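# I need the structure of the sequence given here:
(one chain, ligands or ions: 1)
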Amino acid sequence: DLLDSDKQALLAFASALHHGRKLNWNSTTPICSSWIGVKCSVDQARVQAIRLPGMGLFGSIPSNTLAKLDALQTLSLRSNHLVGNLPTGISSLPSLRYLYLQDNNFSGNLPELFSSRLTVLDLSYNSFTGEIPDVFQNLSQLSVLYLQNNSLSGSIPDFKLVGLKRLNLSYNKLNGSIPTSLQKFPNESFTGNSLLCGPPLVQCSAVLPSPSPILPPISNPEEFHSKHKHVAIGTWAIIAIVAGGLSVLLLLVMVFIVCVMKKNGREGSEASKKKSSASEKSEKSKGESSNDAQNVEKNKLSFFEGCSYNFDLDDLLRASAEILGKGTYGTSYKAVLEDGTMVVVKRLKEVVSGKREFEQQMEIIRRLGDHPNVLSIRAYYYSKEEKLLVYDFIPCGSFSSLLHGNRGSNRTSLDWDSRVKILRGVAHGIEHIHSEGGGQFVHGNIKSSNVLVSQNFEACVSDFCLSSIMNTPVNCSRIAVGYHAPEVIETQKPTQKSDIYSFGVMLLEMLTGKSPLQSQGVDDIVDLPKWVQSMVREEWTSEVFDAELLRYPNIEEEMVQMLQFAMACVASNPERRPKIDSVISMIEEIWQPSSSNRSSSEEKSVRITG
Ligand SMILES: Nc1ncnc2c1ncn2[C@@H]1O[C@H](COP(=O)(O)OP(=O)(O)OP(=O)(O)O)[C@@H](O)[C@H]1O
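This next block holds a predicted model:
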């Protein structure tokens, strides 16, 4: 029967490929109820969907295997190691609607024949070459077309597809002008094709006007090469000059700041010396100024009780400092003091509160820091010109850098249990903040770069309770917008409910591996909750998960439940979002770290490439 022929086709497909994680496909077991990644039609008569993302499939797809599944509607083989041509028989399967083959190593030309029902086609992050065929014009159902990060060349055909909602052709070798029908798509849809021009990119007259630019004939190949080298060196030179210029500017700004701070600091330390009557000079100046006592106060670091640190502002200014990053509220530096102590100094910009209010807020922040999942503040400094906060340095970096940093070949992925453990820690930190002071406190700035991780994936939240003393609009950056609840963008006032929304975005971030701030060319959707909602609504749930997570066995159920829960946290109506204590119990309920053996050494040792 037909189901049996589907089965034979799949067995032939599986036997032609190497797979890292064993497929349990077996001729003796029932295909519809027990085969991994296979979904049958309601009447169990045909195979309707194959989803094998991140299964470690190696090799090329033989042409007479999957191409026989003529009832297939969904095929997802994304994030594997598939090579060679994409057989036309697959792309033209008559029922095929969703084809996800991104993040493999397919090469050769794009197929010339596609199913007329095709709705989603994702062939991004492969090595396809040649031109984009005109046949796309006939795909009247096509709604999503992702071809970014291949080596496609030639000009873009004028698709005139009215239903096309998302398009990404970035980072190819396309040239010529962008057809009028596609000019409504954003810049990111086309960027990274140096010879492409016209709206939304730069006007065509500014770059090479046509796909075959009129260049003088190359008489001497050497000369051609040297010209090209020259261009390349020129580009690097420009980058180097700009980078150099920026560093000089940064250095000048830092020297200036240090001078201002030193001046304050010197006044302060001199005043301290005077107080201890250690120097003749300071004794003298003591007599000269009636404001000295005030100056002493004004220029010293205010340590909190119980803090074992022993340094002053001068030591801090002498310390070697490295910029950790520039955030919403200011710039953070890692400072290594002469005795080796490492601290983080955050220079706040645009503080609006007066000194008293500032000090009261510092006291609140210190009290809230009495919890293992909340970063402790050690000291602060307040003067008219400078406001500094001093924190412990947390060694493993932020959750954001662990999730998104170093996606190179030597990256070790953050496994499911570590991700959930970190988020559980964050939830406990938020719960502490929300329950103190009669429930009046709000974190106000929850995002993955404000979750610091120490050994054993213990997490603590930082940068909390600062919004009330700062004059920084919540939507001052795209990153911030990605995490803030819709109502906060309007009211500018974070609440405990909006903290839950931000936490939900972070849950989606760890599940999808996508940053709420999409980098250019990777995707054109910035709003993570909306993207996931659209995927789930259209029943592509398993397509949203981070390919790195798919390498760990027995977690799919937990991931799906966590996804549903994350969607509840990002409900647009604040009243429908759960409270933080329910968040904690929900995580405990969903997460069963000891129930299954999912950290086998084989899985742990997987190194991610690309
Ligand atoms: N105590 C700390 N230990 C280690 N790294 C830190 C510490 N505090 C901040 N960082 C890291 O320094 C970088 C800059 O932090 P900063 O808080 O200034 O900016 P941000 O988190 O990007 O934005 P925001 O100001 O909105 O919080 C971030 O990558 C953060 O993870």
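
# just list the residues touching the residue of the stretch 301-450 of the chain found nearest the ligand, thanks.
Nearest to the ligand, among the residues of the stretch 301-450 of the chain, is residue 327, at 2.1 Å (C-beta to the nearest ligand atom). (Each C-beta comes from the backbone N, C-alpha and C, glycine too.) Residue 327 makes contacts with 449, 463, as judged by C-beta atoms under 8 Å, 6 or more residues apart in numbering.

# the closest residue to the ligand within the stretch 51-200 of the chain and residue 400: what is the separation?
Residue nearest to the ligand within the stretch 51-200 of the chain: residue 188 (22.1 Å; C-beta to the nearest ligand atom). From residue 188 over to residue 400 the distance is 21 Å, taken as C-beta to C-beta, to the nearest Å.

# buried stuff in stretch 425-445?
Across stretch 425-445, burial judged by 16 or more other C-beta atoms under 10 Å covers 425-434, 436, 441-445.

# so which of the residues you listed are in helices?
425, 426, 427, 428, 429, 430, 431, 432, 433, 434 (DSSP state H).

# for residue 133, give me its contacts.
109, 110, 111, 112, 157.

# could you flag which of these are buried?
110, 111, 157.

# nearest to residue 455, of the residues you listed?
residue 110 (48.0 Å; C-beta to C-beta).

# how about the contacts made by the closest one?
By C-beta under 8 Å, 6+ apart, the neighbours of residue 110 are 86, 123, 128, 130, 132, 133, 147, 152.

# how about 10 Å then?
By C-beta atoms under 10 Å, 6 or more residues apart in numbering, the contact set of residue 110 is 85-86, 88, 91, 121, 123, 126, 128-133, 135-136, 147, 150, 152.

# what's the answer for residue 352, then?
Taking C-beta under 10 Å, 6+ apart, one finds 358, 468, 469, 470, 471, 472 in contact with residue 352.

# and the residue most central in space within the chain, how far is that from the ligand?
In the chain, the residue lying closest to the centroid (C-alpha atoms, centre = their mean) is residue 515, at 2.3 Å. According to C-beta to the nearest ligand atom, to the nearest Å, residue 515 stands 12 Å off from the ligand.

# so who does the closest residue in space to that residue that isn't next to it in sequence touch?
Take residue 515 and drop its neighbours on the chain: the residue closest to it by C-beta to C-beta, 6 or more residues apart in numbering is residue 404, 5.4 Å away. Shown in contact with residue 404 (C-beta under 10 Å, 6+ apart): 398, 414, 448, 449, 509, 513, 514, 515, 517, 519.

# can you pick the most crowded of those residues?
residue 509 (26 neighbours; other C-beta atoms under 10 Å).

# ok, back up a step: from residue 448, how far out is the residue nearest to residue 515?
For residue 404, the distance to residue 448 - C-beta to C-beta - is 8 Å.

# shared neighbours of the two, anything?
With C-beta under 10 Å, 6+ apart as the test, residue 404 and residue 448 both reach 398, 509, 515.

# any chance of a markdown table for the residues you listed, columns pLDDT and secondary structure?
Formatted as a markdown table, the shared contacts of residue 404 and residue 448 follow (pLDDT from 0 to 100; DSSP: H, G, I helix; E, B strand; the rest coil):
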| residue | pLDDT | secondary structure |
| --- | --- | --- |
| 398 | 91 | strand |
| 509 | 94 | helix |
| 515 | 83 | coil |
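
# from those, which is closest to residue 2?
residue 509 (42.3 Å).

# ok, now how distant is the closest one from residue 10?
34 Å.

# what does this structure put close to the ligand?
By C-beta under 6 Å from any ligand atom, the part of the chain that sits against the ligand consists of 324-325, 327-329, 332, 344, 346, 391-394, 398, 445, 449-450, 452, 462-463.
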